[in-house]
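Asks: I would like the atomic coordinates for the input below:
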Amino acid sequence: MSPLWIGTSWKMTKTLAEGRAWAEGLRDHLTSEHGGQAPSGVQPFVIPSFTATTTVRSILGEDSPVLLGVQNAHWEDEGAWTGEVSVPQAKDAGAQVVEIGHSERREHFGETVETTRLKVAAALRHGLTPLLCIGESAEVKEAGGSSAFILEQAAGALEGLSAEELSRVVIAYEPIWAIGEKGRPATVEELVEPFAALGGQYSGKVTGLLYGGSVNLDNAAGLLGIEHVTGLFVGRTAWKLEGYLELLRIAEAHAAA
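Replies: Sure thing, here's the model as predicted:
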């Protein structure tokens, strides 16, 4: 059985000192409670800011069971792209995962279906795991078009991939209406249909199908119980180390059930 992916993106939060303390706490917990291994049946991952990438990598260690990611990367390997970071640069800094297509990148920085496709290809080309984010707005949801919308987003980004390449992709469904400070937690009932659609298309073909959007310690277990959900991508609840460690415990218990 594949492990449950439990991860967090720090977005634009944490100083180096704060990131260092979080990473040290996670490392020490895994060492003392799990012999330096991941909790049974769980694949932990963390996506800090670019400025903290090498710091977190050095603290966790090269052989850490925790996968390290970056929140974005350019599709070109190098060039005159001021302010951008390439996949080879991210890999050189210790990254193993590239987050692609988050709704905030789409809304504020012009991310399109075409650029997500280029970035997925770049990540795969360099041996990194693309973490493709998809999700619909409240307006699309209210019109009853959630499943069709997210399947179209995913298909556009994954177009042309071989079965082997597709098997290295992780998809995170993050409905826009459920994320951020103003988002509301989705109910299990609201997520059954979109995950049935995603599962029908991608279950057994990709590495994982994650859910993200106002995940907290009260709803995490229920979310993991939804058919086809194989992990959680968490924001604010996991920014405090105690919250992230509790999410790992919840996932480990679910995996053992």
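
Asks: so which strand or helix has residue 199?
Replies: Residue 199 is located in helix 188-202, with elements delineated by DSSP states H and E.

Asks: buried residues of that helix, list them for me.
Replies: By neighbour count, and taking 16 or more other CB atoms under 10 Å as the criterion, the buried residues in helix 188-202 are 191, 194-195, 197-199, 201-202. Where you see a C-beta, it was placed from the backbone N, CA and C, and this is true even at glycine.

Asks: could you do stretch 117-137 as well?
Replies: Neighbour counts using 16+ other CB under 10 Å place 117, 119-124, 126, 128-137 of stretch 117-137 among the buried residues.

Asks: can you pull out the helices in the stretch 151-257 of the chain?
Replies: For the stretch 151-257 of the chain, the helices defined by DSSP state H, counting those that start in this stretch occupy 163-166, 188-202, 220-224, 236-239, 241-256.

Asks: quick one: contacts of the first one?
Replies: Just to be clear, that refers to helix 163-166. Outside helix 163-166, the residues that touch it by CB atoms under 8 Å, 6 or more residues apart in numbering are 124, 158, 202, 205-206.

Asks: nearest to residue 74 among the buried residues of helix 188-202?
Replies: Sorting the buried residues of helix 188-202 by distance to residue 74 puts residue 202 at the head of the list, at 25.5 Å, by CB to CB.

Asks: where's that closest one relative to residue 58, distance?
Replies: Spatial separation of residue 202 from residue 58 under the definition CB to CB, to the nearest Å is 35 Å.

Asks: just the element for residue 139, please.
Replies: Element membership of residue 139 [criterion: DSSP H and E] is helix 138-142.

Asks: and what of residue 63?
Replies: With DSSP H and E as the criterion, residue 63 is inside neither a helix nor a strand.

Asks: pull the distance from stretch 209-223 to the chain's centre.
Replies: Counting by CA atoms, centre = their mean, to the nearest Å, stretch 209-223 is centred 13 Å from the centre of its parent chain.

Asks: quick one: list the elements packing against the helix holding residue 199.
Replies: Using 3 or more CB pairs under 8 Å, 6 or more residues apart in numbering; DSSP states H and E as the contact definition, the elements that helix 188-202 packs against are helix 146-158, strand 170-173, strand 208-211, helix 220-224.

Asks: need the residues that contact that helix.
Replies: The set of residues external to helix 188-202 that reach it, using CB under 8 Å, 6+ apart, is 146-147, 150-151, 154, 166, 171, 173, 175, 209, 211, 222-223, 225-229.

Asks: could I get the helices and strands packed on helix 188-202 as CSV with mean pLDDT, distance to residue 22 and mean neighbour count?
Replies: Supplementary listing: the helices and strands packed on helix 188-202 in CSV, determined by pLDDT from 0 to 100; distance: least, CB to CB, whole Å; neighbours: other CB atoms under 10 Å:
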stretch, mean pLDDT, distance to residue 22, mean neighbour count
helix 146-158, 97, 30, 19
strand 170-173, 98, 21, 26
strand 208-211, 98, 20, 24
helix 220-224, 98, 19, 19
